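**Student:** generate a structure from the sequence data that follows.
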Amino acid sequence: MRFLLPTTILVALMAMLMLRGYVHSEILADHRIRPEAATDKVPEKILDGGPVIDTRSGRTTSLSVPDHRLVLTFDDGPDPTWTPKVLDVLKAHHAHAVFFVTGTMASRYPDLVARMVREGHEVGLHTFNHPDLSYQSKSRIDWELSQSQLALEGAAGIRTSLFRPPYSSFADAMDDKSWPVTQYVGTRGYITVVNNTDSEDWQKPGVDEIIRRATPKGGKGAIVLMHDSGGDRHQTVLALDKFVPELQAQGYDFENLTEALNAPSAHTPVTGLDLWKGKAWIFLVQAAEKTTDVLIVCIAIIGVLVFTRFGMMLLLSAAHARRVRRKDFRWGPASVTDPVSVLVPAYNEAKCIENTVNSLMTSEHPVEIIVIDDGSSDGTARIVEDMHLRNVRVVRQQNAGKPAALNRGLANASHDIIVMMDGDTVFEPATVRELVQPFADPRVGAVAGNAKVGNRDSLIGAWQHIEYVMGFNLDRRMYDILRCMPTIPGAVGAFRRSALERVGGMSDDTLAEDTDITMALHRDGWRVVYAEKARAWTEAPESVQQLWSQRYRWSYGTMQAIWKHRGALLERGPSGRFGRVGLPLVSLFMVLAPLLAPLIDVFLLYGVVFGPTQKTVIAWLGVLAIQVVCAAYAFRLDKERMTHLISLPLQQILYRQLMYVVLLQSWITALTGGRLRWQKLRRTGVVGAPGSVPQPRVSHSGNERRPVG
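**Tutor:** Below is the predicted model of the structure:
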C-alpha cells in the first residue's frame, strides 16, 4: 500500500487534470483554420441552395427556411454568463432557437443544455472542441461527433441530428475542402446547418448594427447566426431583446429549425446504457472540474505557506543570528562550567559507537559519559568496555526502546544538565560546551544543537545535507525567535534535569520521543533554544529504503505528538501559547505543506506538456530561485560550502515526491489506526570523530529491525 495508494492518488490527480484540460480545449485542440479553396467539386445546387444541407443516404439536398420564418442559431455555448441571459430573452418573447453547442461546454455546463431542451429549443452539435474538420481524419471527425453526443446524452438525455461545422458560413462558401466533410457527416446521420444571415455579433459592432445585419430582406425566411459564448456577448443580448419583438411585429415567427421546415424533431430520447454512459461522462467531467478547483485552492494554500515560511525563515533567522552573534551577547551572568552527563542510547551500534565515544573524550567541557546498551546483539557494550576510558560507564538493559534507555541513563546520571546524543553521532570538541551555555538562563529547559550530515558524499546524502542545513537548522532559528521550537534533535540536545523530571522524563507514547518531550517542556513553561555552534555529525540514511524508514517514523511520530498535545490549544499560560502558536505552525509547515507540495510538480508537468509551457517553467524557476536564496543564506550562516546546492533542483523534483509519499503513508497509518514498527537503520560507521581518519565503507546485508518496546 505504501506505493500503490500514493501512486493511485497521483495518477488519479493527473487523470483529472488531463480530463479538465481536454474539456477546456487545452489537450488535443487544433486551432488551425484552412484558407479558402476551389469550389469545382461542390455541386451547383449546394452552392446556389439554402443553408440546410442533407447528404444522408446518398442524397444531395439543400433546403431554405420559408418566408416570414426566422431560425435564430447560437454557436459555441453554452456559456454560464451569457446563455442564461439569451434564454431569458427568448422566454420573455415566446421565441425558440437552435443552440449549436460544443461538447466541451456542454460537458462543463450540462444544466444549461437541459434548460434549452426543457424550454423547447433545439440543440445541434458544433463538434467537441471546435477544430476545422477539413484538417481532420474521418476517425477524428467520428470522435468529435460521438464525444459531443455523449455530452448531450448525459446533459439532456437526447441525441440530435443537427450539425454545424466550426468556421462555417453561407452555403456558397462551401469549397473542395469542406464539402467532403459535409458529405461524410451526412453518412453518419447528420444534417448540416449553415446560415444565410450573419449578425457578426462577435465583432461587437453595436446593437443597431447587429440588428441590421441579422434582418433578412423583403420578408424572406432565414437562419440567423449569433453567438452565446466566446467572449463578451452583452451586445448580442441587448440586440436580441430588441430584434425579436420588432420582427414579430412585422409578422415573423421565431421557430426551431424542424418547426420552420415542418419536419420531425431533431431530438431523439436516449435510454438504457447510452443514457448511463452519458451521465457517467458528465459526472467525471464535473468531478474533474471540482477536483481541479480544489487543487487550485491547494496550490494557493501551498504557495502562501511556502512563501510565508521562506519569508519567516529569512527574517527571523537573520534576527536570531544578529542576536546570538553580538559581541556582548551572554546567556546569563556567568558561563556554565559544571560537569554534565552525556547519555548515549545504543542498540546494535558496533560500527559507530567507538567513534561516538572517542569524540566525547575530546570534549572541552567536563563530561560524564553513560552508554546505555539497549539489548544489543552485536557486542556494542563490550566494545565500549574494552576501550577502558575514564568517565565512561556502560549500563546494560534488556531491549525496551530508546525512551526507556534514556530514562535509565537519566536515573544513573550524576549531574544536573543532561546531554543526549545518538549512538551513530560524533561531537566536535566544543560541542558540549556550546550546547550547555544557554542553561546560564534559568528559564531555559532544553537546548537544540546543530545536527549535520557527515556522509554527504553521495547524492542522497547531499540532499539530506541541504535539508538539514536549510530545512532543519534555519527552521530552528525561526522557532527559537517565536519561542515554539517543536523538536530537540535526538542527535544533539541538552536538558535541564529538573525540567525532565517535572514532565515525567522521556515518554514512549509516540515514535518521536524527541518531539514529544520538547512539546511537553514548552507546555510546562520552559524555554527551548537553539545553539548554532553546538555541531554534531550524524550518519544519514544511505539508501531510499533506509531514508523511507527513518522519515516514515519521524512523520508518524510528529503526528502522534501533535495529537497528544492537542489539548494545549485550549489551555492558558505557556501551554496555551504553544498550543495556539507552535502547534499550528508545526502542523502547517511540517505536515500540511510537505503533503501538498507535490501539487506544484503535478501542475508543472501538466503545464510543460500542455501549456502554457513558458509561463509554467518561469513560475517554477521563480519558486526554485526563492528556495536557492533561502538555501544559500542558510549555508552562509552555517559556513557551509555552496557546491552542494548544485543538486538542489533535482532534490526539489525527486526528493519532494519521496517525502510526499512518506507523509501520505503516515496519514494513512494514522487514519486507519495502523501501528508502525521501529526499524533499526543499518549503519556503516563512516562518520568519524572530527580530525580522525574516516573509516572505509563496508557493504552489509540483512535487515536489522529494532523490536518494539
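**Student:** any idea which strand is longest in this structure?
**Tutor:** Longest strand of the chain, by residue count under DSSP state E: strand 527-538.
**Student:** can you name every helix or strand that that one contacts?
**Tutor:** Helices and strands touching strand 527-538, by 3 or more C-beta pairs under 8 Å, 6 or more residues apart in numbering; DSSP states H and E, are helix 272-324, strand 425-427, helix 431-436, strand 444-453, helix 474-482, helix 513-523. C-betas here are computed from N, CA, C, even on glycine.
**Student:** hmm, try it at 7 Å
**Tutor:** strand 425-427, helix 431-436, strand 444-453, helix 474-482, helix 513-523 (3 or more C-beta pairs under 7 Å, 6 or more residues apart in numbering; DSSP states H and E).
**Student:** what about the nearest residue to L474 once chain neighbours are set aside, how many residues nearby?
**Tutor:** Spatial nearest neighbour of L474, excluding adjacent residues (C-beta to C-beta, 6 or more residues apart in numbering): A634 at 4.3 Å. By the criterion of other C-beta atoms under 10 Å, A634 has 24 neighbours.
**Student:** thinking again about what came up before, give the next helix or strand downstream of the longest strand of the chain.
**Tutor:** Next helix or strand after strand 527-538 toward the C-terminus (DSSP states H and E): helix 544-564.
**Student:** and the helices and strands packed on strand 527-538: which comes nearest A321?
**Tutor:** Each of those has some distance to A321 by C-beta to C-beta; the shortest is helix 474-482, at 6.9 Å.
**Student:** okay, buried residues for that closest one please.
**Tutor:** By neighbour count with 16 or more other C-beta atoms under 10 Å, helix 474-482 contains the buried residues L474, D475, R476, R477, M478, Y479, D480, I481.
**Student:** and the next element down the chain from that helix?
**Tutor:** Remark: after helix 474-482, the chain's next helix or strand is strand 493-496, criterion DSSP H and E.
**Student:** how far away is the most centrally placed residue in the chain from T292?
**Tutor:** Nearest residue to the geometric centre of the chain (C-alpha atoms, centre = their mean): L599, 1.8 Å. Distance, L599 to T292, by C-beta to C-beta, to the nearest Å: 11 Å.
**Student:** and if you look at I210?
**Tutor:** With distances taken as C-beta to C-beta, I210 is found 35 Å from T292.
**Student:** give me the more crowded residue out of these two.
**Tutor:** Ranked by neighbour count (other C-beta under 10 Å), I210 and T292 place I210 first, with 23 against 18.
**Student:** contacting residues for the more buried one?
**Tutor:** Counting by C-beta atoms under 7 Å, 6 or more residues apart in numbering, I210 touches S199, D201, Q235, T236, A239.
**Student:** going on from the strand or helix carrying it, what's the next piece of helix or strand?
**Tutor:** Assessed by DSSP H and E, I210 sits inside helix 207-214. As assigned by DSSP H and E, the chain's next helix or strand after helix 207-214 is strand 222-227.
**Student:** contacting residues around that next one?
**Tutor:** If you take C-beta under 7 Å, 6+ apart as the criterion, strand 222-227 is touched by 51, 65, 70-76, 193, 195-199, 201-202, 214, 216, 233, 236.
**Student:** that strand pairs with which strands, and in what direction?
**Tutor:** Strand pairing for strand 222-227, determined by DSSP bridges: strand 69-75 (parallel), strand 197-198 (parallel).
**Student:** with distance to L273 and mean pLDDT added, can I get the helices and strands packed on strand 527-538 in JSON lines?
**Tutor:** Shown next, in JSON lines, are the helices and strands packed on strand 527-538 (distance: least, C-beta to C-beta, whole Å; pLDDT from 0 to 100):
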{"stretch": "strand 425-427", "distance to L273": "66", "mean pLDDT": "94"}
{"stretch": "helix 431-436", "distance to L273": "72", "mean pLDDT": "96"}
{"stretch": "strand 444-453", "distance to L273": "60", "mean pLDDT": "94"}
{"stretch": "helix 474-482", "distance to L273": "56", "mean pLDDT": "91"}
{"stretch": "helix 513-523", "distance to L273": "55", "mean pLDDT": "95"}
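**Student:** state the distance from S139 to I191.
**Tutor:** 22 Å.
**Student:** more neighbours: those two, which one.
**Tutor:** For S139 and I191, the more surrounded residue by other C-beta under 10 Å is I191, and the numbers stand at 25 against 8.
**Student:** go ahead and confirm that one touches T55.
**Tutor:** No. I191 lies out of contact with T55 (C-beta atoms under 7 Å); the separation is 8.4 Å.
**Student:** once you drop chain neighbours, what's closest to K85?
**Tutor:** Closest residue to K85 apart from its sequence neighbours, by C-beta to C-beta, 6+ apart: V237 at 4.7 Å.
**Student:** ok so, going back, can you list the buried residues of helix 474-482 in JSON lines and add distance to R108?
**Tutor:** Formatted as JSON lines, those follow (distance: C-beta to C-beta, whole Å):
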{"residue": "L474", "distance to R108": "44"}
{"residue": "D475", "distance to R108": "43"}
{"residue": "R476", "distance to R108": "48"}
{"residue": "R477", "distance to R108": "48"}
{"residue": "M478", "distance to R108": "44"}
{"residue": "Y479", "distance to R108": "45"}
{"residue": "D480", "distance to R108": "50"}
{"residue": "I481", "distance to R108": "48"}
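**Student:** just give me the closest of those to G409.
**Tutor:** R476 (24.2 Å).
**Student:** show me what contacts L474?
**Tutor:** Contacts of L474 (C-beta under 7 Å, 6+ apart): M313, S317, C630, A634.
**Student:** can you classify V395 by secondary structure?
**Tutor:** strand (DSSP: H, G, I helix; E, B strand; the rest coil).
**Student:** need the phi and psi values for the closest residue to it other than its chain neighbours.
**Tutor:** Setting aside the residues directly before and after it, V395 is nearest to I372 in space (C-beta to C-beta, 6+ apart), at 4.8 Å. Note on I372: its backbone torsions stand at phi -100, psi 110 [degrees, to the nearest 10].
**Student:** any figure for the gap between I372 and N129?
**Tutor:** Distance of I372 to N129, computed by C-beta to C-beta: 68 Å.
**Student:** and those two? Which one has more around it.
**Tutor:** A direct count of neighbours by other C-beta under 10 Å for I372 and N129 places I372 higher, at 26 against 23.
**Student:** that one and N391: what is the separation?
**Tutor:** In this view, I372 and N391 are 15 Å apart by C-beta to C-beta.
**Student:** now do L17
**Tutor:** For L17 relative to N391 (C-beta to C-beta), the value is 62 Å.
**Student:** those two: which has the busier surroundings?
**Tutor:** Neighbours were counted for L17 and for N391 using other C-beta under 10 Å; L17 has more, 22 against 15.
**Student:** could you find the closest non-adjacent residue to the more buried one?
**Tutor:** Y606 (5.0 Å).
**Student:** and the one you found, how many neighbours?
**Tutor:** Neighbour count of Y606, defined by other C-beta under 10 Å: 20.
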